[in-house]
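A.B. asks: starting from these lines, generate the structure:
(2 chains)
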Number of protein chains: 2
Amino acid sequence: MSSKLRILPLGGLGEIGKNMTIFEYEDSILIVDAGVMFPENDMLGVDLIIPDYKYLMDKRDKVLAVLVTHGHEDHLGALPHLMQDIQAPIYATPLTAGLIEAKLRRSKLPHDIELVVFNAGDVLDFGPFTVEPFHVTHSIPDGVGFGITTPVGLIVHTGDYKFDHTPVDEWPPDFAKLSEFSMRGVLALLADSTNADRPGWTPSEKIVGEGLEKVFQEAPGRIIIATFASLISRIHLVADAAVKYGRRLAITGRSMRDNTKIASKLGYLDIPDDLLIDISEADNYPANQVVIMATGAQGEPSAVLGRLARGRHQRFSIKEGDTVVFSAHTIPGNEEMVHRTINQLFQRGANVLYEQVADVHVSGHASQEEMKLLINLVRPQFLIPVHGELRHLRQHAKLAKEIGFPENNIAVIENGTPVELDEISMTVLPRLPGGYVFVDGSGVGDIGWPVMREREKLANNGFFMAVAVTNGQGNVLGKPNFVTQGMVDRKEAEELFIGAEDTIARVVKNSVGAKEKIENRLEDAVSRYLYAETGKRPFVRIIVNQVIGEPVAA
Amino acid sequence: MSSKLRILPLGGLGEIGKNMTIFEYEDSILIVDAGVMFPENDMLGVDLIIPDYKYLMDKRDKVLAVLVTHGHEDHLGALPHLMQDIQAPIYATPLTAGLIEAKLRRSKLPHDIELVVFNAGDVLDFGPFTVEPFHVTHSIPDGVGFGITTPVGLIVHTGDYKFDHTPVDEWPPDFAKLSEFSMRGVLALLADSTNADRPGWTPSEKIVGEGLEKVFQEAPGRIIIATFASLISRIHLVADAAVKYGRRLAITGRSMRDNTKIASKLGYLDIPDDLLIDISEADNYPANQVVIMATGAQGEPSAVLGRLARGRHQRFSIKEGDTVVFSAHTIPGNEEMVHRTINQLFQRGANVLYEQVADVHVSGHASQEEMKLLINLVRPQFLIPVHGELRHLRQHAKLAKEIGFPENNIAVIENGTPVELDEISMTVLPRLPGGYVFVDGSGVGDIGWPVMREREKLANNGFFMAVAVTNGQGNVLGKPNFVTQGMVDRKEAEELFIGAEDTIARVVKNSVGAKEKIENRLEDAVSRYLYAETGKRPFVRIIVNQVIGEPVAA
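C.D. replies: A predicted model of the protein is given here:
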């Protein structure tokens, strides 16, 4: 019996195969993407989440290449971590490679990494695999999907895509290549499911261009447009509108400026030199001749827009007559921060436009009609919905069934679930253990859910600690030291210290025995006291130091 | 010069005048509503938020009545707090009064509270005020707005409303009363702005009835419908469908069962006795003859649906073929938990229907066309948008301007901003200090943003503490005690203790002087050590007990 192709989606949190997909045939492995996820609100203190790729660890020398679909963090952000463990070269299109290069430079990896630039339409050979990148449209230019010819058949992986006939860079998706794959015969299609619950066809980025033009026509004063730092197409649209309506453009936020530089250098953005000004120069121009691009569309308090909303930007402040545009979709979980930022901007006198009230954003992902078209264009034997949460994958599968795709030929899988393919069949294997890895400070994987539960308890109730010195004979020597954080305001804390001191003295008086036993008894008593006084249940720890002799007066 | 009427909206967080509004004329005060808000994700550990009504505290004996518009928590949940400070009677319609009675009974207030039941259409006199409650439609039956005739003119306050021509209880809004107010002449209109950024007309609850009937027709097995405990109209619809399609109904979750009982007793729900079963009996019936109503539509892990999704319900579990319906709008901030719950239910084999993929929920608030109709029906001289965040109030004002309402006659205000009216003019006064009050455990107002910031730091990095006994001569006696929570996993913590012990010994050796000085030096050194090892910045506290003599061996 011949060997099988194994496909293994990995990644953080709910989204499946978003951050990394492994293609393995015998002794050869290709990795597609290595991205990060951002923590949800209950993942306290976590900086980033990276895919748990321990599956690769004893197969490291089999990895032939890491192929990157496009320049977004959720597809390349984990490269600095992955490349510490993997020696293979990275392949990417010019813009994506430019962004990767900047990222790797910042992360100071111990060894040199080979970064190979390819273009959509190239043919790349890696052992048993032949990879044909094809152009797709998305919210960043130069994105690709991959046709991967393997010994068992041709696999098509879309990456993030939408079918935009009028993208800002005037480079529509490569329908012809998809049709060509289709004629050759496609064994399996891995397709973006992000918007599987959205009916219709995702509007073109052109709609946003028109929406922004309307803003430029109507705004009486300065315009401030917030979006993702990586949304190069949006920067493109704003620069075009600035030229057309005679406004100078200031780009703020380090990441947005860096990305603009890289995209300009590589020819993906063409911004006239005299268009750009520094934000500190903005006040030198009449208000209706200025437009500012800023980060912070997700309500991040430390980003430019967050600081403007709170009046905390050093060189610029919002004033009456400004128009602020949120040109981004609010990522679930960020709604409260975004709404708060919008309200604060209104308080400062700005008019604020956002997705619900103006055409200032469109999704970068395909909706239901595009997903149907893709399936019928590519005509795969098997469908593996990816990118999106399980609920999106199910909707994607439902959609495929509705257009006649055989249910048994669809695999709705989760991260860590391997799928095996031969020329005629697809098998879903049991899910592998593992999931995602928290990055917290410099620690990678040094915290898990037990620490998260401790953090949750501390976040909800704080802690209360006391250190008492006793003579081991039922007497507390001197005053106990108290420490509390996150429980009550300072003034009430002082009152609780007095009551807790009495409680400690009473328990110590009635206790003999081992230090640990007395400490446990003290912790019970103090916890009860605190609950009775405040209704709160902080983490309580009492330490007893038994000494022979006398404490030094504090 | 004659006296003025003062209107003061109060309330928690972003929404203006949602939770409480004060109407004050000379020595007479009416309060409309006394509700709570639920904390946002960064308000760590907070249970509830209540309006800061300290404005009332030296005017307590001027309060003539507390009028409640309808039976939702954000309009009556703060009554147990307010009624500790206020002696006035509460006025409400029968269903609202039933819910208030249950709430007050649970909260065991020190004094008797007079609860007066009125009906829409009644006329109530309170000193200089004459109050005419009028029927409105919302997502709970028996809601009212108030026409309040004051010495300066007639004020109309809508409460939460939508214009539903086909509500479940077949009691449409009282357009005639609004028209009659209009003909009498309305000085000011306080109107619900919640959906001011939604175009069109909010669909009738009837649409949900049709959507649910479709679910009943198509579901092959059991149906589980999750919604708010207070959404009595939804319970009504489900009970009707259960009768029609021959399914038994189990209502789970204490609050939903309590509300159902109260509404049934008062005649707002008419559920046949033999329809209801206990959830433990559900398995005695064929799967396609069972429907279960549950709390937890916001993804709350401890609610019934949350426990079902995690396989943690004692008497019931989700199985292949079940259909789960989220018949509720996801409140901003809850998206992550809701999505996680949906994914978990899919994992357990259920089909899950939610707002985006099926007609299983409609809003209880008016959309733009209803808001325009209201203004033109009531034809007030002045408009005060309320209920909603500042951004909604601005949209409401914009909408009013679009239909020709004079901009200068609209007051977009915030919580704590008093508006004064006489017969011909409206004045917005400077905002009063204060805002909202956190309820945390049994503490009301005992925590504020300083404690919240401590909690945030603890939530992000945890804490690290050590207690060392020294002889005051540069020697640590015995081993220090270490306590850490929320920082790193147990195993890594043990390693950090060893390094921290060395750090402490080194610093103590080189330090003489006061205990506090040495402690500060130790905290700096240990913080640096921990950051170097982990990249994390926990709260660090080191306590030194200097003793003369010897510690007792632990």
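A.B. asks: show me what from the stretch 1-150 of chain A comes close to chain B.
C.D. replies: Residues of the stretch 1-150 of chain A lying close to chain B (Cβ under 8 Å from any Cβ of the partner chain) are A:14, A:40-42, A:44-45. No exception for glycine: its C-beta is placed from N, CA and C like everyone else's.
A.B. asks: do that again at 7 Å, thanks
C.D. replies: Neighbours of chain B within the stretch 1-150 of chain A, by Cβ under 7 Å from any Cβ of the partner chain: A:14, A:40-41, A:44-45.
A.B. asks: who wins on neighbours among those residues?
C.D. replies: Using other Cβ atoms under 10 Å in any protein chain shown as the neighbour criterion, residue A:44 leads the residues of the stretch 1-150 of chain A next to chain B with 26 neighbours.
A.B. asks: for it, helix, strand, or coil?
C.D. replies: coil (DSSP: H, G, I helix; E, B strand; the rest coil).
A.B. asks: tell me how far the residue nearest to residue A:41 when sequence neighbours are not counted lies from residue A:42.
C.D. replies: In this structure, residue A:41 finds its nearest non-sequential neighbour in residue B:41, 4.4 Å apart by Cβ to Cβ, 6 or more residues apart in numbering or on different chains. Remark: distance between residue B:41 and residue A:42 (Cβ to Cβ, to the nearest Å) = 8 Å.
A.B. asks: now do residue A:321
C.D. replies: 40 Å.
A.B. asks: look at these two and report which has more neighbours.
C.D. replies: Neighbours of residue A:321 and residue A:42, each counted by other Cβ under 10 Å, are more numerous for residue A:42; the result is 17 against 14.
A.B. asks: so for the more buried one, what pLDDT did the model give?
C.D. replies: With respect to pLDDT, residue A:42 has a value of 81.
A.B. asks: is it true that residue A:11 touches residue A:51?
C.D. replies: Yes. Between residue A:11 and residue A:51 there is a contact at 4.9 Å, judged by Cβ atoms under 7 Å.
A.B. asks: overlap in contacts, the two.
C.D. replies: A:19-20 (Cβ atoms under 7 Å, 6 or more residues apart in numbering or on different chains).
A.B. asks: residues from the stretch 201-350 of chain A in reach of chain B?
C.D. replies: Near chain B, when you scan the stretch 201-350 of chain A using Cβ under 7 Å from any Cβ, you find A:332-333, A:335-336, A:339-340, A:342-343, A:346-347.
A.B. asks: mind splitting chain A into its structural domains?
C.D. replies: Here the domain assignment for chain A is A:5-200+A:363-440, A:205-353, A:462-546, based on automatic domain parsing.
A.B. asks: residues near residue A:261, how many?
C.D. replies: Residue A:261 has 14 neighbouring residues, counting by other Cβ under 10 Å.
A.B. asks: quick one, phi/psi of whatever residue of the stretch 101-250 of chain A ends up closest to chain B?
C.D. replies: Nearest residue of the stretch 101-250 of chain A to chain B: residue A:197, at 4.6 Å (Cβ to the nearest Cβ). Dihedral pair for residue A:197: phi -100, psi 10, per degrees, to the nearest 10.
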